[in-house]
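> Fold the stuff below for me.
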Amino acid sequence: MTGHFVGEIPLNVFVDLLRPALDSPTPNVDFSEVPQGRGKEGSMYLPFMEAINKSQCCPSFVLQDTSTRKDTITQAKPDCGLFHSSVANKVHSSKYPMAMMDVPVEMKPQASQDAFKPAMNEGDAVGKEKEEPITNMTNRSIDHRGQQIDYAAQVLTLQHRSHVFSISIIGHHARLIRWDRAGALVSERFNYVDGSSNWLGEFLFRYEHATPEQRGYDVNVQKATHREIQLLKTGVNEYLEKFPMYKESELAATVNNSYPSYKVRVHGEAAADSSHPGVVNEYIICQPFTEVSSLCGRATQGYLAWGVFENDLVFLKDTWRTDLEGVMSEAAVYAVLQKNFVPFLPSVLVSGDVCLSTGHVQCTLTQDYAEGYAWSRPTAWLRRHVRHRVVQHLALPLRMVRNSKELVRAIRNVLEVIKRAHEANILHRDISAGNIMLDKDFNGILNDWDHAINTLNTGEGHAYRTGTWQFMSIPVLQNAKKVHTIHDDVESAFWVFYYTALHYFSRDATSAAPIMDIFDECHEVVEDHRLVYEGGLQKLSTMISRKIQAITFESKPLTRAIHRFATILSRYHRFCSDMLEEGADTVSFDHPFKKAATSMERVDDILEMFDDTIASSDWPEGDDAVEDQYPKKTKMDTHRDIDKALHESFKQSYQSANFAAVPPAQQASSSSALDPSASLDPASELPSSPLLRDQPSTANVKRSPLPTTQPRSSKALREGLRSSTRAPIHHAKSLPVGSSAGLSTGTKRAHKDEGAGLEEGTSAGSVKRTRRAPKEMSPPSSTRYNTRSRTRQASEEGKKKSGTRS
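I've put the predicted structure just below:
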């Protein structure tokens with residue numbers, strides 16, 4: 001969550017975010033018995049709880065000790081939790097207290113453990129230097145902040161909340177925090193014990209009198225009845241009997257008895273070819289099979305759902321779309337595509353934005369308080385997100401292909417979708433291994449159009465980079481402000497093709513070992529006073545040096561398709577690089593590889609190449625897909641040292657750019673810089689798919705001078721390659737994964753560090769598959785750099801396990 005904390009918000013402003021003040025006086029809360037100092041924090045729990053429970057400031061709620069009660073689902077155990085009195089007597093017998101908790105409370109005995117930096121003068125949020133982000137970077141502060149992020153993310157996810165409040169206690173001081181999918185609003189620090197203020201009592205008093213929606217509840221979501229739960233279970237079991245190969249997969253885990261089940265009302269427009277009446281329908285859901293590991297971003301969750309109207313099993317996607325001018329909602333995109341008869345699309349039943357009872361859409365609030373205020377500190381570019389739900393017929397992830405011919409056919413279908421959608425003036429902009437899926441006949445379809453744009457429109461949404469980092473095109477990786485074109489979507493399809501082949505198909509004995517780090521390479525730079533990320537150097541080097549052509553697979557047609565596609569891309573990049581050096585334009589520039597540029601735009605030549613390959617007679621007999629040969633990592637080390645290094649570089653970057661308070665108008669003009677947590681979905685962005693996906697290796701981030709924002713010329717490439725031997729600093733976040741940033745399946749799943757996407761338990765790569773084992777392979781390269789390379793947990797807020805106490 002680097003750059004996603006906003007504060008310190010004055011307390012009078014913060015409590016108004018919950019609800020306006022009441023006319024009746026606020027009951028006073030006496031916290032004088034709460035100890036502080038170097039003693040155990042456990043000694044604080046009882047006097048703190050008794051003070052609140054006796055005060056009658058929130059009589060409908062009960063504060064309970066949850067420090068010894070580990071949640072079965074998340075393995076979390078916050079120190080205390082505020083529960084509604086209707087469920088308070090069930091907390092200690094429940095397997096999932098986090099699914100019932102209203103407000104998590106985390107307590108530390110000393111003020112030095114504060115997760116955030118207090119103002120220079122207590123109560124004065126303007127006193128601190130503006131160059132420094134609000135986050136405190138001591139070891140214990142990082143752990144404390146990480147725990148709070150973890151608990152907030154779990155409550156948001158398990159309860160389908162739009163936002164959640166939490167309380168942070170540090171000695172005799174406290175903070176109030178409001179979390180949503182754009183970030184967190186942090187109140188100024190205040191002494192809650194000495195009687196000088198009653199802000200904690202005021203907050204709880206307003207929480208008591210707030211509506212469920214003001215507390216962050218979605219009124220479209222209700223607890224499912226026993227009969228409704230049985231309908232879902234019966235539907236899933238019947239589906240698994242029909243497709244027994246999925247009994248050991250994530251599908252079976254979606255009816256977990258330990259997980260709360262809900263009934264969700266979905267409002268929206270029906271698909272043009274659907275018999276669905278539109279307006280509203282109800283769906284029964286339980287455990288998602290794509291889940292959120294990050295608090296910020298789209299936070300996409302995919303569910304097997306039982307459709308009450310359809311009387312059948314369907315797929316329900318819950319996501320928070322980026323709300324920018326020029327970016328269409330997914331429902332609007334599907335309407336355009338269907339009108340233009342674009343093939344190989346998912347079958348959409350109903351989709352639309354989620355509304356409040358007032359008729360307004362559910363949206364994030366954090367971004368509205370990030371700039372232009374006295375308390376403003378450096379942040380990433382925080383964008384407004386709107387909740388959106390889509391219901392479709394079931395589809396399978398690309399990694400479930402049974403043989404290499406199905407993979408080639410799936411990529412061929414997606415290329416036709418890209419071409420036909422572009423003819424309808426639509427660009428997908430997030431071609432990834434998670435968004436290319438298989439229908440019931442194992443034909444490739446292109447899903448998840450929530451980042452798509454209409455090429456005829458202009459707006460803020462066109463001027464920012466988006467997509468899944470591992471599969472972005474080289475020009476998009478090199479320039480965060482590049483306007484997306486069809487060339488970028490076509491190139492992304494190649495990277496998905498190559499990535500999937502490396503993971504699930506065996507190479508032959510003559511093949512070179514692939515370099516897997518090309519998918520994760522990333523550099524930090526400062527641009528327009530913001531931290532942005534650039535990459536693509538290793539991809540470009542691999543492409544131009546023809547290293548991809550040195551990779552050969554047991555499936556000869558698969559090898560030919562990858563090599564021919566890579567050759568077109570290589571020629572295209574050579575053409576663009578030479579054209580840039582000459583300062584020429586595409587029309588007048590005479591170049592031997594000019595045809596490659598035409599092929600990338602019209603796509604017809606590439607489609608013809610795929611059709612020729614599919615028609616080949618030398619395909620392997622039977623199913624030649626294998627187990628994942630590069631499963632995701634589950635553990636990384638030395639995260640605190642890297643957190644400190646990144647924090648220091650973040651601070652120095654602003655100072656070197658002479659960062660100062662920028663007028664709001666000027667800030668808005670510079671807001672097209674990249675916010676990695678949102679636009680790239682690093683954990684922000686869970687690739688939305690009906691099934692859990694695989695997570696690639698940790699992103700490699702190295703310090704580099706500010707690179708050009710244009711595509712690199714050949715000279716720049718050579719200079720970049722010479723300088724690329726410097727040791728990298730691994731970035732504090734998992735960059736978006738083309739497979740999954742989600743949690744592992746079943747009850748082994750455990751929320752880890754925010755933004756990290758780290759897991760314990762079953763990984764997506766270890767799901768049982770009825771496939772032959774691969775031949776012995778060369779071990780994947782964990783990093784290209786050996787000198788002083790350091791691994792780290794993939795999160796700016798690295799922390800200990802949620803249940804670990806300081």
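> which SS state does residue 267 fall under?
Secondary structure state of residue 267, per DSSP: H, G, I helix; E, B strand; the rest coil, is strand.
> does it have beta-bridge partners, and which?
Beta-bridge pairing for residue 267 (DSSP bridges): residue 280.
> confidence score at it?
You'll see residue 267 listed with a pLDDT of 87.
> now residue 709
At residue 709, pLDDT is 34.
> now do residue 524
At residue 524, the model reports a pLDDT of 75.
> quick check, it in a helix?
No - going by three-state DSSP, the assignment for residue 524 is strand, not a helix.
> tally of neighbours for it?
If you count neighbours by other CB atoms under 10 Å, residue 524 ends up with 20. Placement of C-beta: from N, CA and C, glycine included.
> Repeat that for residue 54.
Residue 54: 11 neighbours (other CB under 10 Å).
> ditto for residue 153
26.
> Name the SS class of it, please.
At residue 153 the chain is in helix, as set by three-state DSSP.
> With adjacent residues omitted, what lies nearest to it?
residue 295 (4.1 Å; CB to CB, 6 or more residues apart in numbering).
> now swap in residue 409 and tell me
residue 614 (5.9 Å).
> Distance check, the one you found against residue 622.
With distances taken as CB to CB, to the nearest Å, residue 614 is found 17 Å from residue 622.
> Please identify which of these two sits among more neighbours.
The neighbour comparison of residue 614 against residue 622 (other CB under 10 Å) goes to residue 614, with 14 against 8.
> The more buried one touches residue 407, doesn't it?
No - with contact defined as CB atoms under 8 Å, residue 614 and residue 407 do not form a contacting pair (10.8 Å).
> and the helix or strand containing residue 595, what does it pack onto?
In the assignment (DSSP states H and E), residue 595 maps to helix 594-602. When contacts are defined as 3 or more CB pairs under 8 Å, 6 or more residues apart in numbering; DSSP states H and E, helix 594-602 sits against helix 486-504, helix 556-582, helix 604-614.
> In that helix, which residues are buried?
594, 596-597, 599-601 (16 or more other CB atoms under 10 Å).
> Need the pLDDT of residue 462.
pLDDT at residue 462 comes out at 61.
> who are the neighbours in contact with the closest residue to residue 363 other than its chain neighbours?
In space, and not counting its chain neighbours, residue 363 is closest to residue 386: 4.8 Å by CB to CB, 6+ apart. Neighbouring residues of residue 386 by CB atoms under 8 Å, 6 or more residues apart in numbering: 320-321, 323, 329, 353-354, 361-363.
> One more: residue 320?
Counting by CB under 8 Å, 6+ apart, residue 320 makes contact with 181, 297-300, 364, 385-388.
> can you name the two of these that are farthest apart?
The widest separation within the contacts of residue 320, taken as CB to CB, falls between 300 and 364 and amounts to 14.8 Å.
> what stretches of the stretch 501-650 of the chain score poorly on pLDDT?
526-531, 584-590, 633-650 (pLDDT under 70).
> Kindly apply the preceding question to the stretch 351-500 of the chain instead.
458-463.
> At which residues are the strands of it located?
For the stretch 351-500 of the chain, applying DSSP state E, counting those that start in this stretch gives strands covering 385-392, 396-397, 426-427, 436-438, 444-446, 453-454.
> Of the ones you listed, give the one that comes closest to residue 225.
Checking those against residue 225 by CB to CB gives strand 385-392 as the closest, at 20.4 Å.
> Kindly export the helix holding residue 595 (C-alpha atoms) in PDB.
Output of helix 594-602 as PDB, limited to C-alpha atoms (Å, rounded to 0.1, in the frame of the first residue of the first chain):
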ATOM      1  CA  LYS A 594       7.700  -2.500 -42.300                       C
ATOM      2  CA  LYS A 595       5.300  -5.400 -43.100                       C
ATOM      3  CA  ALA A 596       5.600  -6.600 -39.500                       C
ATOM      4  CA  ALA A 597       4.100  -3.300 -38.400                       C
ATOM      5  CA  THR A 598       1.200  -3.800 -40.700                       C
ATOM      6  CA  SER A 599       0.700  -7.300 -39.500                       C
ATOM      7  CA  MET A 600       0.600  -6.100 -35.900                       C
ATOM      8  CA  GLU A 601      -2.200  -3.700 -36.800                       C
ATOM      9  CA  ARG A 602      -4.300  -5.700 -39.200                       C
END
